[in-house]
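# Curious how this folds, go ahead:
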Amino acid sequence: VKAKIESLVNENHLEIDPKNLTISNEQSIGSGFFGVVYRAKLRRKPTQEVSSHSIYFDVAVKESSNNHDISQKKLVYEELKVMCGMKKHPNILSLVGVVMLIMEYVEGGDLLKFLKRKSYVRYQLEPDGDALCMADLLSFAFQIAHGMQYLERVPCVHRDLALRNVLIKRNGVIRIADFGLARRHENKDYYRRTRSVGTAIPLNWLAPECFEGSINKFDSKSDVWSFGVCLFELFSLGEPPYKELESNNIAYDLLLADFLRKGNQLSQPEHCTLEMYEKMKACWNLIPEARPSFSACTRFFQIRLNKLSEEVCLIEKTIETIESEANEQRCYKKW
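So this is what the prediction gives:
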């Protein structure tokens, strides 16, 4: 595994001198089943675009939570392989380099916690620091779809799309992150995985075909199902999905599969219009081919942002900010 990682780093010119990296002594800024993330400062050489007083910039450093666990090291390698194969995109977390996995730092944290800290004001149109309105929620939905549309074209299956894995910047731009379970593949139609003992999978965000049986199918349509669950989280301001089911049941995968195959779906969130809910339900179609594409989802939310207010020009503002972020990401090549 170590040799494979070194080969990837050399091929993509990603090696960073540890002397240029200062990792914070603070607690980790995030952790999961497979890894821990720390905030750090990365030093880069001054250029015409980068003045001498701004040669340090914030990054996030990720390492496996158990350096002695070979399976976790393999996941780090898989994540690195996926991120090396992707160009910069303003709604996708950017890889900066490797000592460990070094990525851009996103100061707002994950979108799930962000939503839970906010109060909702139904009739407020302009964004406000202490409250959320429909414009904010639509913007987040549009950006997630926009980022996933890019992954769909790579092609790359994320397999762990959930609001806990979506990060938000202070300016409201989101980054899809956590590619530990993602897989880049040549066949745009599907990626198959044989379930192994001890592999944690996020059942509540997965389509039934992803966890029924011993061989599971993942493709862009299973990511669309997960996107629908993200929309539920978004328009409920962070409510957990399927909280009515007994998640501690030893056969929870069978319980959930039976629940879904009987035609049951997540209920309409409090802050969601009927039209939005119909889009969510389309994402949860039991026939994968009948689910919308991410291109269609992007267009859907772009149109809704346009309709919300032509005077405020919400979609134009969102796209302008995203384009600005894309320019900023290009600077990560200059460390």
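# CA only for contacts and neighbour counts going forward, please
Fine.
# beta partners for the closest residue to F140 other than its chain neighbours?
Spatial nearest neighbour of F140, excluding adjacent residues (Cα to Cα, 6 or more residues apart in numbering): I174 at 7.0 Å. Beta-bridge pairing for I174 (DSSP bridges): I168.
# Just say helix, strand or coil for G147.
Under DSSP: H, G, I helix; E, B strand; the rest coil, G147 falls in the helix class.
# all helices of the chain, in order?
With helices called from DSSP state H, the chain shows them at 2-11, 70-84, 111-116, 134-153, 220-235, 252-261, 274-283, 294-308, 314-330.
# same question for the first one, mean pLDDT?
The average pLDDT within helix 2-11 is 55.
# swap in the last one?
Confidence over helix 314-330, taken as the mean pLDDT, stands at 78.
# And for the longest one?
When pLDDT is averaged along helix 134-153, the result is 94.
# go on, stretch 63-79?
For stretch 63-79, the mean confidence score works out to 72.
# Could you pull up the contacting residues of the most centrally placed residue in the chain?
Centroid-nearest residue in the chain, with Cα atoms, centre = their mean: I176, separated by 2.8 Å. If a contact means Cα atoms under 8 Å, 6 or more residues apart in numbering, then I176 has N91, I92, L93, I144, G147, N165, V166, L167 as its contacts.
# what do you get for I92?
If you count contacts by Cα under 8 Å, 6+ apart, I92 has them with G147, I174, R175, I176, A177.
# Over to K116?
Contacts for K116 (Cα under 8 Å, 6+ apart) come out as L237, G238.
# returning to that earlier point: distance to I29 for the helices of the chain - can I get that in JSON lines?
Shown next, in JSON lines, are the helices of the chain (distance: least, Cα to Cα, whole Å):
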{"stretch": "helix 2-11", "distance to I29": "24"}
{"stretch": "helix 70-84", "distance to I29": "18"}
{"stretch": "helix 111-116", "distance to I29": "12"}
{"stretch": "helix 134-153", "distance to I29": "22"}
{"stretch": "helix 220-235", "distance to I29": "22"}
{"stretch": "helix 252-261", "distance to I29": "30"}
{"stretch": "helix 274-283", "distance to I29": "31"}
{"stretch": "helix 294-308", "distance to I29": "30"}
{"stretch": "helix 314-330", "distance to I29": "21"}
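# most packed of those helices?
helix 220-235 (a mean of 26; mean count of other Cα atoms under 10 Å).
# What is that one packed up against?
Contact analysis of helix 220-235 by 3 or more Cα pairs under 8 Å, 6 or more residues apart in numbering; DSSP states H and E lists helix 111-116, helix 134-153, strand 156-157, helix 274-283 as its packing neighbours.
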